[in-house]
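Trainee: here are the coordinates; sequence isn't available:
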């Protein structure tokens with residue numbers, strides 16, 4: 001555990017990406033494989049089965065340290081992070097304590113008691129508190145609470161492994177897609193320089209577009225670019241390799257059984273292939289897709305019934321061909337891949353899997369006009385893809401741009417606040433906003449991005465001084481501050497008290513010039529709902 005705790009401490013204290021990558025490389029070079037693969041799994045977002053809930057951890061710490069629970073709660077409120085609070089309130093063990101490896105803690109002490117009776121779980125947790133020094137105890141408590149956030153992305157971990165092993169990062173990223181078990185066999189295969197049979201069973205890492213912040217003409221002649229609509233659906237890869245049909249979401253989840261009509265259509269494809277595209281809820285004959293909220297009704301249904309299939313039909317708009325008859329096409333220029341895709345799908349002419357239509361614009365001025373009318377088409381803007389581009393890994397700026405329409409906006413009143421996570425765990429940074437419905441303020445959106453550090457600190461101090469009520473971690477505040485919120489779309493929703501749901505809300509600015517009565521009314525937002 002000492003080696004992993006030292007890595008966690010170094011990553012947590014560093015703000016430089018190169019320093020973090022160097023620390024990761026040093027750890028993976030020196031750590032035993034059985035420890036290294038657990039560190040890889042945890043740093044890639046894996047979480048252990050629940051060993052104890054927050055109430056139990058507080059109670060056990062109170063019993064172990066003879067600290068009143070109210071004092072633990074007060075310390076937690078000041079520290080902001082439960083794992084750090086648990087660490088600070090327990091004494092260090094005597095010097096010379098034996099170091100127990102990370103994998104032993106996980107496999108032999110924690111996982112065996114998950115789901116067992118409280119006595120067994122308490123014994124395992126308290127044993128960790130008593131035997132680990134402060135840095136180790138903090139890492140241990142982070143595992144217990146599932147809050148192992150150290151500013152390290154999966155991409156950064158993959159970069160460290162690629163540089164350490166000499167294996168192409170695209171191969172490493174592909175092998176880490178989907179659910180994998182943290183075993184030494186997996187780590188061995190992950191870093192194997194040879195192509196393995198399993199490499200052909202996985203999807204490819206997705207290539208992501210970057211938001212276009214400059215003026216489009218700065219990209220050069222429009223003839224160098226392919227233009228498509230930006231669809232608001234589920235990004236996925238459709239794989240047909242022999243008898244295997246698989247749908248993989250961008251979230252690295254297999255969608256087997258959830259969209260049987262797409263799987264059925266894939267069996268009709270004339271050749272083995274891997275398609276990249278967008279899954280949309282779309283009724284035949286309609287001019288535009290159904291709202292994303294309609295698609296949400298199907299995402300979690302593993303075996304949709306006839307009514308669901310009839311109410312929310314889906315299709316795939318394919319916009320790239322990554323593999324054909326076993327040949328990896330990602331290095332082929334986009335314009336050629338696109339022609340091969342059109343030729344392939346023209347052989348089946350199945351409306352359930354069709355090419356995403358290209359947008360024809362003679363110059364950037366015409367493209368701008370088309371983009372401004374995107375919302376009426378039920379899309380979010382334009383995709384700009386360089387004709388000569390290869391299909392890369394992750395978000396690589398320069399070849400694929402997302403040119404989205406300007407967001408919708410409303411002026412809303414702040415009514416609730418909650419502390420953030422990670423480095424912002426001691427500040428109130430998660431906010432709930434409301435609009436007027438008659439004389440009542442009705443919650444319509446939650447947002448946590450858009451304010452600068454100075455504004456966050458100012459608002460945090462105000463929230464603490466003007467709290468009306470507390471509901472666990474949430475504080476109700478005086479409804480006096482107005483904020484302009486931006487969002488992509490509004491949809492009707494029976495799951496929300498307001499009857500609507502906004503897509504991707506964020507704070508655009510703090511409206512110091514407005515009073516609460518100047519905020520917008522709920523009817524204004526309802527009028528925008530699809």
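Mentor: Okay, I see it. Source: prediction; values computed, not measured.
Trainee: just confirm residue 454 is within a helix.
Mentor: Yes - Residue 454 forms part of a helix when assessed by DSSP: H, G, I helix; E, B strand; the rest coil.
Trainee: okay, it and residue 207: tell me how far apart.
Mentor: With distances taken as Cβ to Cβ, to the nearest Å, residue 454 is found 36 Å from residue 207. C-beta coordinates here come from the backbone N, C-alpha and C atoms, glycine included.
Trainee: more neighbours: these two, which one.
Mentor: residue 207 (20 against 8; other Cβ atoms under 10 Å).
Trainee: before we move on, what SS does the residue found closest to residue 420 once you drop the neighbours it is linked to in the chain have?
Mentor: Excluding the flanking residues, the one nearest residue 420 by Cβ to Cβ, 6 or more residues apart in numbering is residue 429, at 3.7 Å. With three-state DSSP as the basis, residue 429 sits in strand.
Trainee: from residue 1, how far off is residue 429?
Mentor: Going from residue 429 to residue 1 by Cβ to Cβ gives 31 Å.
Trainee: between the two, tell me which one has more neighbours.
Mentor: Taking other Cβ under 10 Å, residue 429 and residue 1 do not tie; residue 1 has more neighbours (25 against 20).
Trainee: pretty sure that one is touching residue 101, no?
Mentor: Yes - counting by Cβ atoms under 8 Å, residue 101 is a contact partner of residue 1 at 6.7 Å.
Trainee: can you name the residues that contact the residue nearest to residue 420?
Mentor: 419-420, 448, 451, 456, 460 (Cβ atoms under 8 Å, 6 or more residues apart in numbering).
Trainee: for those residues, which PyMOL command selects only the ones that are buried?
Mentor: Filtering those down to the buried ones (16 or more other Cβ atoms under 10 Å) takes a single PyMOL command:
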select buried, resi 419+420+448+451+456+460
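Trainee: just flag the most distant two among the contacts of residue 429.
Mentor: 419 and 451 (14.6 Å; Cβ to Cβ).
Trainee: for residue 357, give its distance to residue 278.
Mentor: Residue 357 sits 12 Å away from residue 278, taking Cβ to Cβ as the criterion.
Trainee: does the residue lying closest to residue 428 once chain neighbours are set aside count as helix, strand or coil?
Mentor: Using Cβ to Cβ, 6+ apart and skipping the chain neighbours, the partner closest in space to residue 428 is residue 417 (4.2 Å). Following three-state DSSP, we place residue 417 in the strand state.
Trainee: right, and residue 417 touches residue 433 too?
Mentor: No - in this structure residue 417 lies outside contact range of residue 433 using Cβ under 8 Å: 10.4 Å.
Trainee: any low-confidence regions in the stretch 101-250 of the chain?
Mentor: Across the stretch 101-250 of the chain, nothing is flagged by pLDDT under 70.
Trainee: can you give me the strands for it?
Mentor: Shown for the stretch 101-250 of the chain, the strands assigned by DSSP state E, counting those that start in this stretch span residues 207-208, 210-211, 225-229, 234-241, 244-249.
Trainee: between those strands, which one is nearest to residue 43?
Mentor: strand 207-208 (20.6 Å).
Trainee: need the contact partners of that closest one.
Mentor: Identification of contacts with strand 207-208 by Cβ under 8 Å, 6+ apart yields 276, 391-396, 400.
Trainee: tell me the one of those residues nearest residue 194?
Mentor: Out of the contacts of strand 207-208, the member with the shortest distance to residue 194 (by Cβ to Cβ) is residue 393, at 19.8 Å.
Trainee: got a list of what the closest one touches?
Mentor: Residue 393 neighbours (Cβ under 8 Å, 6+ apart): 169-170, 173, 205-207.
Trainee: kindly report the same for residue 341.
Mentor: 275, 318-321, 355.
Trainee: residue 273 versus that one, what's the distance?
Mentor: 9 Å.
Trainee: ends of stretch 249-261, what's the gap?
Mentor: Stretch 249-261 has an end-to-end distance of 16 Å (Cα to Cα, to the nearest Å).
Trainee: if we go by neighbour counts, what in it is buried?
Mentor: Under the neighbour-count criterion of 16+ other Cβ under 10 Å, stretch 249-261 has 249, 252, 255, 258-259, 261 buried.
Trainee: tell me which of those residues fall in strands.
Mentor: Residues of the buried residues of stretch 249-261 located in strands (DSSP state E): residue 249.
Trainee: okay, among the buried residues of stretch 249-261, which ones form the most distant pair?
Mentor: Maximum pairwise distance among those (Cβ to Cβ): 22.7 Å, between 252 and 261.
Trainee: quick one, what contacts residue 362?
Mentor: residue 222.
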